[in-house]
Structure formats: structure tokens, C-alpha cells
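In: Need a 3D model of the following:
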Amino acid sequence: MQNPQRDLPVVLTALATSRSPADLRTAVQKFYTHDASLHHPLGIVEHGPNSRQKILGVYEWHRIISPDTTSSVNAVLYDRKHHVLVVEVTQYFHVRISPFKAAPSRYIIRVVLQERDKEFYIYSQEEFLHPMDLMNSVLPPLAPLVRLALVFFALVGVMCSNVWVFSLLLWVKLFGIGSDIQRGQVKSGFSRLVQSGKQETVAGVLETAQYGPSRGNADN
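Out: Next comes the predicted model:
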């Protein structure tokens, strides 16, 4: 590639949608270094002698199980100084034997390039998917359940945070001393747990609180 910001979207689209094994093989051999790596949510190929052949095998398997994949590049960010590109891609990956309609999945792909003889080659490629997008690729009807689970985990985190703050205040009121938990922030709704006249106490406690021992104390 001579112009990665222009050429890489074309390369990634060809790799994901090529219907010809010969074209796919040519693309991988042309645009990847022989020791390139690929990190995908469903497989990893580490750097190594002729690891490019393993990457080819991964792409061939993807094309076998989903020959009708469509892909479009939404955005490209290029750090010329470090030869790093970040690409947002939307794919419709439909497993060949799946009776369900393909659903869109958004990928964030980070590519590190190597320059050789004024040409750029892919040296490292990482692909990131949100859990819902991953499920859309594998089993779309279960994506709403994944969303529900993620919402539940977020609510559990909020509840645990409120319990932690409440226990901190209770400790201070009972024993009149602070805790060595590092500074945090009170959720706006938590102020209802104390009387309005005592809200300064909440702020005061949290100003001296810590989530854990400071690095200096830990080193000692």
C-alpha cells in the first residue's frame, strides 16, 4: 500500500467479502508481512515465521462458513507518525447454516503497518467487538439477552457503589473516624439517604476517603 488511509479500507473489504479463494490468497500475501499477527475475538495468530499463512487460513475459514458476508468501512483514523490506523467497519456476517437473518455488527480494527521499500504492509491487526455485536455475528436472536445481561451488570455496579458509600458513612457515624478508602464521588440520588442539613458531612467524608491505600503507602 502506498497510501494506507486510502488503500486499507479497500483491502479490508476485499478480505471480508472476496468470493474467490485465489483473490483472497493474493490479497493476504500482498498486504501482510510474512510474520504478521491477527487478534480476533474468535481466534489469535501470534507473530512468527510465516504466520501469514495462518492468517490466510483464518480468512479462508470465515469465507467458508459465511460466503455472503458484506462489509463497509465507516471511518478511518491514521496516525502517520506511528503507522497506526483505526478503522470502524460494519459487517453482515451470516453463518451458512443459520436460519436467522444476518444482523449488522460493528468492528473496530486497529492496524499497525511496517514500511518496506516505500510500501506499507500490515504487521499487526486487532479486531474489537462489543459483546452484542459478537452475538449479532454468531446468533442474532440472542443479542437482546446479551444487552439485558449488560444492563443488569451495570445496575449491580451502581447498587454496590451506593452500598459502599452508605457503609462508609455509617462507619464514620458509628466510630467517628475515617476510612483508608480512596476518594470517590457520590451519586446525585444518594444524597436522599441523609438529611439535607447533613449533606456537608457526606462531602467531607468523601473528600478524605480513598478506594485503597495510596501508592506511597503500598510501597512501604
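In: ok, His82 - how many residues close by?
Out: His82 sits with 9 neighbouring residues when counted by other CB atoms under 10 Å. Glycine gets a C-beta too; all of them are placed from N, C-alpha and C.
In: isn't there a strand covering it?
Out: No - read with DSSP: H, G, I helix; E, B strand; the rest coil, His82 is coil and lies in no strand.
In: For it, which residues are in contact?
Out: Applying CB atoms under 8 Å, 6 or more residues apart in numbering to His82 gives the contacts Val112.
In: pLDDT below threshold where in this structure?
Out: 175-220 (pLDDT under 70).
In: Now do the helices in it.
Out: 4-17, 21-31, 52-65, 131-138, 143-175, 199-208, 215-219 (DSSP state H).
In: Out of those helices, the one nearest Asp117 is which?
Out: With distances scored as CB to CB, the stretch of those nearest to Asp117 is helix 21-31 (13.5 Å).
In: Now do the closest one against helix 52-65, angle only.
Out: Here helix 21-31 points in a direction 150 degrees away from that of helix 52-65 (axes from the mean of the first three to the mean of the last three CA atoms, to 10 degrees).
In: can I get the CA coordinates of helix 21-31 in CSV?
Out: C-alpha atoms of helix 21-31 as CSV (Å, rounded to 0.1, in the frame of the first residue of the first chain):
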residue,chain,number,x,y,z
PRO,A,21,-10.0,-18.3,-3.0
ALA,A,22,-7.3,-17.2,-5.4
ASP,A,23,-8.1,-13.5,-4.9
LEU,A,24,-8.2,-13.9,-1.1
ARG,A,25,-4.8,-15.7,-1.1
THR,A,26,-3.3,-13.0,-3.3
ALA,A,27,-4.6,-10.2,-1.0
VAL,A,28,-3.2,-11.8,2.2
GLN,A,29,0.2,-12.5,0.6
LYS,A,30,0.4,-9.0,-0.9
PHE,A,31,-0.7,-6.8,2.0
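In: Asp7 against Thr13, yeah?
Out: No - the pair Asp7 / Thr13 is not scored as a contact, 10.9 Å apart, by CB atoms under 8 Å.
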